[in-house]
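[1] predicted model and sequence below, questions to follow.
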Amino acid sequence: MRFSLWIGMVIFMFISCQSDQKETQPTSSTQPEQHEYAIAIHGGAGYMKPGMFSDSLEKAYQDKLKEAVTHGNQRLADGETAVTAVKETLMTLEDSPLFNAGKGAVFTHDETNELDASIMDGNTLNAGAVAGVKHVKNPISLAEQVMLNSKHVMLSGNGAEKFARQQNIEMKKADYFYTEKRFQSLQNAKSAEKDQASLLSEDYKFGTVGCVALDQKGHLAAGTSTGGMTNKEYGRIGDSPIIGAGSYANDKTCAVSSTGHGEYFIRGVVAYDISALMEYQSLDLADATEKVIQQKLKELGGNGGVVALDHYGDVSFEFNTSGMFRAYANDQDELEVGIYQMDNQSN
């Protein structure tokens with residue numbers, strides 16, 4: 001009887017001790033703040049340093065980034081899905097000649113424009129992508145239609161354009177995509193083909209547009225659109241339309257859009273790798289993006305960066321180049337725009 005009483009007292013003291021320990025555990029204030037919605041974009045990573053652009057051109061980049069991210073953030077505030085916000089935000093960037101996507105796409109070696117895009121829904125893991133299209137005004141809108149209205153994930157070339165016409169996607173003649181700046185960049189690249197070092201000049205800098213978003217229902221989405229690399233040949237396709245390399249979204253972890261030397265992002269499956277590190281090694285967003293971009297990608301020999309958003313709405317702009325066009329907005333009226341490595345601008 002005494003033994004039973006003693007055992008009972010020990011159990012009671014143990015439970016009381018555990019209860020006291022729970023009360024002294026860190027509170028939920030140590031957890032990241034949960035944003036109701038958030039959105040982030042990039043406009044390409046590359047070798048960009050202060051003084052490289054004229055004041056007016058730098059302001060034009062900042063204004064367009066601000067316009068795009070503000071539009072997407074307002075759509076989220078209105079209750080739209082992350083997928084819709086991503087699509088519409090990227091369409092704004094595709095319509096601008098400033099970025100290497102849509103209207104501002106770079107030229108191939110054959111003096112044509114070949115456009116790639118992808119989009120992914122983090123809620124369903126459904127995805128759509130297009131590659132090598134030449135007449136689609138907004139490739140990201142076609143990628144969304146592939147995701148929603150086809151049984152496939154990726155369509156390319158003439159087949160993708162046939163599907164685009166069936167879906168009433170707006171098409172343009174080739175001259176719509178002509179910009180003198182991009183055409184001259186091609187001529188410069190052709191002149192320098194024998195000098196590999198010059199291929200990393202401003203004319204060859206990596207350029208892509210990407211967007212990640214968190215909506216009010218807690219769902220993530222990611223999208224990426226590009227004209228590829230100046231002077232590309234043989235129907236080359238980079239990482240932008242490759243799910244897991246150029247775009248990836250999973251509500252469990254994060255949404256990611258990549259920009260850089262696509263061959264390395266494909267080999268490293270960069271966008272998915274960031275998500276996998278979060279899911280299987282419990283890394284947070286900042287640590288996962290840093291490990292992939294600053295360590296694993298560099299070890300492969302790749303340059304570029306990512307914009308990533310986790311399910312809290314926290315953002316990571318991680319890049320190993322001297323600059324990346326970027327912007328972020330959320331439900332707290334926070335708005336950030338940056339271009340160079342050390343930028344931390346608020347507007």
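    Arrived safely.
[2] any idea how far the closest residue to Gly79 other than its chain neighbours lies from Ala82?
    In this structure, Gly79 finds its nearest non-sequential neighbour in Gln216, 5.9 Å apart by C-beta to C-beta, 6 or more residues apart in numbering. C-beta here means a position set from N, CA and C on the backbone, and glycine is covered the same way. Distance, Gln216 to Ala82, using C-beta to C-beta, to the nearest Å: 9 Å.
[3] just Thr70 next, same as before
    Using C-beta to C-beta, one obtains 16 Å as the distance from Thr70 to Ala82.
[4] more neighbours: those two, which one.
    The neighbour comparison of Thr70 against Ala82 (other C-beta atoms under 10 Å) goes to Ala82, with 33 against 17.
[5] where does the stretch 1-150 of the chain have low pLDDT?
    Residues of the stretch 1-150 of the chain that meet the criterion pLDDT under 70 lie in 1-30.
[6] can you give me the strands for it?
    38-46, 115-121, 127-133 (DSSP state E, counting those that start in this stretch).
[7] which neighbours do Gln216 and Ala82 have in common?
    Leu76 (C-beta atoms under 8 Å, 6 or more residues apart in numbering).
[8] just checking, what packs against the strand or helix carrying Thr289?
    Using DSSP states H and E, Thr289 sits in helix 285-290. For helix 285-290, the elements it packs on are strand 254-260, helix 270-280, strand 304-310, strand 315-319, judged by 3 or more C-beta pairs under 8 Å, 6 or more residues apart in numbering; DSSP states H and E.
[9] neighbouring contacts of that helix?
    Identification of contacts with helix 285-290 by C-beta under 8 Å, 6+ apart yields 254, 256, 274-275, 277-278, 306, 308-310, 314-316, 318.
[10] the helix or strand just after that helix packs against which elements?
    Scanning forward in sequence from helix 285-290 by DSSP H and E, the next helix or strand is helix 297-300. With contacts defined as 3+ C-beta pairs under 8 Å, 6+ apart, helix 297-300 has these neighbours: helix 262-267.
[11] so what's the gap between the helix it packs on and the chain middle?
    Centre-to-centre, helix 262-267 and its host chain are 15 Å apart (C-alpha atoms, centre = their mean, to the nearest Å).
[12] rewinding a little: just name the most buried of the helices and strands packed on helix 285-290.
    strand 254-260 (a mean of 33; mean count of other C-beta atoms under 10 Å).
[13] restricting to C-alpha, output that strand in CSV.
    Extracted in CSV, the C-alpha atoms of strand 254-260 (Å, rounded to 0.1, in the frame of the first residue of the first chain):
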residue,chain,number,x,y,z
CYS,A,254,7.8,27.3,-50.2
ALA,A,255,7.4,28.8,-53.7
VAL,A,256,10.5,29.4,-55.8
SER,A,257,11.4,31.1,-59.1
SER,A,258,14.9,30.9,-60.4
THR,A,259,17.0,33.2,-62.7
GLY,A,260,20.5,32.6,-63.9
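[14] what pairs with it, parallel or antiparallel?
    Using DSSP bridges, the strands paired with strand 254-260 are strand 247-249 (antiparallel), strand 304-310 (antiparallel).
[15] identify all contacting residues around stretch 151-171.
    With contacts defined as C-beta under 8 Å, 6+ apart, stretch 151-171 is touched by 118, 127-138, 141-142, 145-147, 149-150, 235, 237, 241, 243.
[16] can you say which of those are buried?
    Burial by neighbour count, judged by 16 or more other C-beta atoms under 10 Å, picks out 118, 127-138, 141-142, 145-147, 237, 241, 243 from the contacts of stretch 151-171.
[17] residues making contact with stretch 33-41?
    For stretch 33-41, contacts defined as C-beta under 8 Å, 6+ apart pick out 65, 68-69, 72-73, 76-77, 85-86, 89-90, 93, 209-216, 307-309, 312-315, 317, 326-332.
[18] now render the strands paired with strand 254-260 as a markdown table, adding mean pLDDT.
    What follows is the strands paired with strand 254-260, written out as a markdown table (pLDDT from 0 to 100):
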| stretch | mean pLDDT |
| --- | --- |
| strand 247-249 | 98 |
| strand 304-310 | 98 |
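[19] how about His152, phi and psi?
    The phi/psi pair for His152 (degrees, to the nearest 10) reads phi -110, psi 170.
[20] so what's it scoring on pLDDT?
    For His152, the pLDDT comes out at 98.
[21] and it, how many neighbours does it have?
    Around His152 there are 12 residues (other C-beta under 10 Å).
[22] now Leu125
    The number of residues packed around Leu125, counting by other C-beta under 10 Å, is 13.
[23] tell me how far the closest residue to it other than its chain neighbours lies from Tyr176.
    Closest residue in space to Leu125, ignoring its immediate chain neighbours: Asn250 at 6.6 Å, by C-beta to C-beta, 6+ apart. For Asn250, the distance to Tyr176 equals 35 Å [C-beta to C-beta].
[24] tell me which of those two has more neighbours.
    Neighbour count, other C-beta under 10 Å: between Asn250 and Tyr176, Asn250 has more, with 21 against 13.
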